[in-house]
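Novice: what's the 3D shape of this:
(2 chains)
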Amino acid sequence: MPSLPARPTIAQLSRALAAREVSSRELTAAALARIGAAATALNSFITVVPELALAAADRADLQRARGGTGPLLGIPFAHKDIFCTAGIRTTCGSRMLANFVAPYDATAVERLAAAGIVTVGKTNMDEFAMGSSNETSWFGPVRNPWDRDRSPGGSSGGSAAAVAAGLVPAATGTDTGGSIRQPAALVGITGFKPTYGRVSRYGMIAFASSLDQAGVLTLTAEDAALLTAAMAGFDARDSTSAELPVPDYAAVLGESLRGKRIGVPREFFDAGLEPGSATAIRQALGVYERLGATLVELSLPSLALSVPTYYIVAPAECSSNLSRFDGVRFGHRHAGATTLEELYKKSRGEGFGAEVKRRILTGTYVLSAGYYDAYYLKAQKARRLIADDFSRCFADVDVIAGPTAPTPAFRLGEKVDDPVQMYLNDIYTIPVNLAGLPGVSIPCGFSGGLPVGLQLIGPHFGEAALFNFAHVFQRETDWHQKLPPVGAPSGAIDSGFAPEGAPT
Amino acid sequence: MLLHTSTEQPGQIFAVKPIAVKLTRQNVEQIAHLARLEIGPEELDGVVEKLGRIVQFVDQLQSADTSAVLPMAHPMDKSQRLRVDEVTEADHRDLYQQNTEAVAEGLYLVPRVIE
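Specialist: As a prediction, this is how the structure comes out:
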C-alpha cells in the first residue's frame, strides 16, 4: 500500500512508481475518478479522455516493467486546452474551436509525452487565454477550490483549480500577461513562467506572439523544475525559440541562499496592494532574510505604464493572430452566408465571445491608419522603458520579489462588467511578460482565508535560480501543502489499491 | 526595510486619468468592419461603451516621455531566425481538411466571389 499524501507531488508519485508501490494505471484511474467527482463543483476540465489516458498509463507501466525510468514516466497530467493535441479536441475555451481536433501535437505536449507523462484531459481556460478570471470561457467559469463563489484566476484557471484540488499533480499553462502566475497565486499553488523563448510555442494557439510563453502549474517548485526540464529547449518549428542549452535545473535545488540579493521594488507595495496580502509578502521576505539573503529596495519607475502598454501590444498581436479564424479552413462556420464577407463576419461574430471581440477591436483600432504611431509604436517604446527598468535592477540583484496579484481571489461576477478593473488585476505580472523575463508564483500565506502568492522574477534564462529560490522557501514553509476544502475526497489515492507489481 | 502600503481601495491602483477620447458608434462599426467581425445591433452599445473605456485607459500612455526611445518588438531584441528555402513539410491536405465539411476535391469551398 503506497504511503502517499492526499495531494501527492510528482516527485512523490515518481518515487512510489519507481518502488512499484503503485502503477500508472492505478494513479490514472484514480485521477479520472477524482476529475469526474469534481466536474460539477469546479468545472476545471473541458475534455477528459479516459480511454486514451488508461492506454498511455498501460504503456508507461509496460515501459517501466521493461526497465524504463524517468521522473515523469506514468504521471497523470493535464494540458491547458490551448495546446494542440493530435486526436483530442482543442477548444481554446472558445465556441470558435468547440469541435476542432488538431492534426498534430504541440511541441510541449510531444516532449512531455516522450517523457512518459499520461494526459488525462484538457483544462478549462479563458477564451483564447484572454481573461484573468476564467469567466470568458465558452464552457463556463471555473470555480476556486478555496471558495466556490470565487474565481480561480485566469487564464489558466482550469489547470490551477485542478492542481489545487488534487485532481492531477500538475498541468500546463500559458502566460501572456500573468495567466500562469496569477491563477497559481489565487488557488495557492506554484506557477512557473519561463523566459520568453525557453519553451517552444509551436502548437500553442497564438494570442500575443511576442509575449506568449508556456509553463506549468504544480504543487512544488521541484515539480516545476522537473517538468520545465522536459519541455524546454530549442525547437526549429518556433521561429522565436531560444537556441540555448537547458541547464540541469534539479541539480541546483537546495543550494544555499546565503549572500544572495533579492530586489524588492517599492512600487509593488504602493496603492492597491491589499493589506493582508502585503503582510504575507513581507513575512515571506523575512523568511528569505533568515535564510541568509539580503533584501534590496529597488524602483521600477515605469511600472505604471505596464498595463496600458500591454493592452495595446497584446490586442494588436491578437487581432492579427485571430484573423486566421474566418470560418473557411477550421473553426465555427456560419451556415447560410451568401457572400465571402458575410461568411467571415458572421462566423467570427458568432464564434468569438465578448472579451475576445473587445481585444480584436482594440487591436484593430491601435493598428489602423492614423493611430498606429500614437498607440502601437508608442506602446513599443514604453515597452522598452519597462524592460530597461528590469535590466538596471538585475545588475544589482539575483531575483526580484513581490506580490503576484493585488488581492486574493475575487468573487465570480465581481469584475466582469468593468474590463479595465479586470486588466489592472495583472499589474504585477504584465511587466514581466513585456520584458520577456521568467517568473514564478509560490504560496506564501493567507489573507481572509484565501491564498496569497509571492512572485519571484529572474533575469533572462535565470530559471535555475528561480527554481532554487522557490524550492528553498518551500523547504522552510508549508503554505504549499495547505489543502483547499473542495477537491478530492481524502484518501482517494492511497486507499483501495492492491499492492501489486507492474504489469508484465 | 520599510515598505509602505496604502490604505486606498485594493484594485484601484493607478487610476485612469480621463482623457478626451470619444469613440462613436460609427467608429466602432468601422473598426469592426476592418476586423471582419460582426457586432450585432444588441451588442453595439455595450461594445461602444466598454471599448471607449479601454481606449481611454490605454491613452494614459500619451503622457509618457518616449522621445529617443527605440520601439521594442521582441523582448530580447532578437530578429527572426532564417532557414534555407527548401521544402520541409510533407503533404497533409487530407488530414487538415478533416476540420471542415466545406471541401470538395481537395479544395475549400466559400461563397462565390467571382461572377
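
Novice: quick one: the strands in chain B?
Specialist: For chain B, strands defined by DSSP state E occupy the ranges B:103-104, B:107-108.

Novice: what is the distance between the helix or strand where residue A:297 lies and the centre of its chain?
Specialist: Element membership for residue A:297 (DSSP states H and E) is strand A:294-298. For strand A:294-298, the separation from the chain centroid amounts to 28 Å (computed by Cα atoms, centre = their mean, to the nearest Å).

Novice: which neighbouring elements make contact with that strand?
Specialist: strand A:261-265, helix A:275-290 (3 or more Cβ pairs under 8 Å, 6 or more residues apart in numbering or on different chains; DSSP states H and E). From N, CA and C alone the C-beta is placed, and that goes for glycine too.

Novice: which secondary structure element is home to residue A:271?
Specialist: Judged by DSSP H and E, residue A:271 forms part of no helix or strand.

Novice: can you say which of the strands of chain B is nearest to chain A?
Specialist: strand B:107-108 (5.4 Å; Cβ to the nearest Cβ).

Novice: contacting residues around residue A:9?
Specialist: A:169, A:218, A:219, A:220, A:222, A:223 (Cβ atoms under 8 Å, 6 or more residues apart in numbering or on different chains).

Novice: residue A:483: neighbouring residues, count only.
Specialist: 17 (other Cβ atoms under 10 Å in any protein chain shown).

Novice: wouldn't it be in contact with residue A:166 here?
Specialist: Yes. With contact defined as Cβ atoms under 8 Å, residue A:483 counts as touching residue A:166 (7.4 Å).

Novice: right, and residue A:265 touches residue A:301 too?
Specialist: No. Between residue A:265 and residue A:301 there is no contact under Cβ under 8 Å: 9.5 Å.

Novice: the more surrounded of the two?
Specialist: Applying other Cβ under 10 Å to residue A:265 and residue A:301 shows that residue A:265 carries more neighbours, namely 24 against 13.

Novice: mind listing the helices for chain B?
Specialist: For chain B, the helices defined by DSSP state H cover B:25-34, B:41-58, B:93-96.

Novice: now those helices in TSV, with mean neighbour count and distance to chain A?
Specialist: Below are the helices of chain B laid out as TSV (neighbours: other Cβ atoms under 10 Å in any protein chain shown; distance: least, Cβ to the nearest Cβ, whole Å):
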stretch	mean neighbour count	distance to chain A
helix B:25-34	16	5
helix B:41-58	17	4
helix B:93-96	12	5
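
Novice: can you lay out those helices as CSV showing distance to residue A:103 and mean pLDDT?
Specialist: Formatted as CSV, these follow (distance: least, Cβ to Cβ, whole Å; pLDDT from 0 to 100):
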stretch, distance to residue A:103, mean pLDDT
helix B:25-34, 31, 96
helix B:41-58, 33, 95
helix B:93-96, 5, 94
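
Novice: save those as TSV, and put in distance to residue A:83 too.
Specialist: What follows is the helices of chain B, written out as TSV (distance: least, Cβ to Cβ, whole Å):
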stretch	distance to residue A:83
helix B:25-34	30
helix B:41-58	28
helix B:93-96	18
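
Novice: who wins for proximity to residue A:350 among the ones you listed?
Specialist: helix B:41-58 (11.5 Å; Cβ to Cβ).

Novice: all good on my end, thank you.
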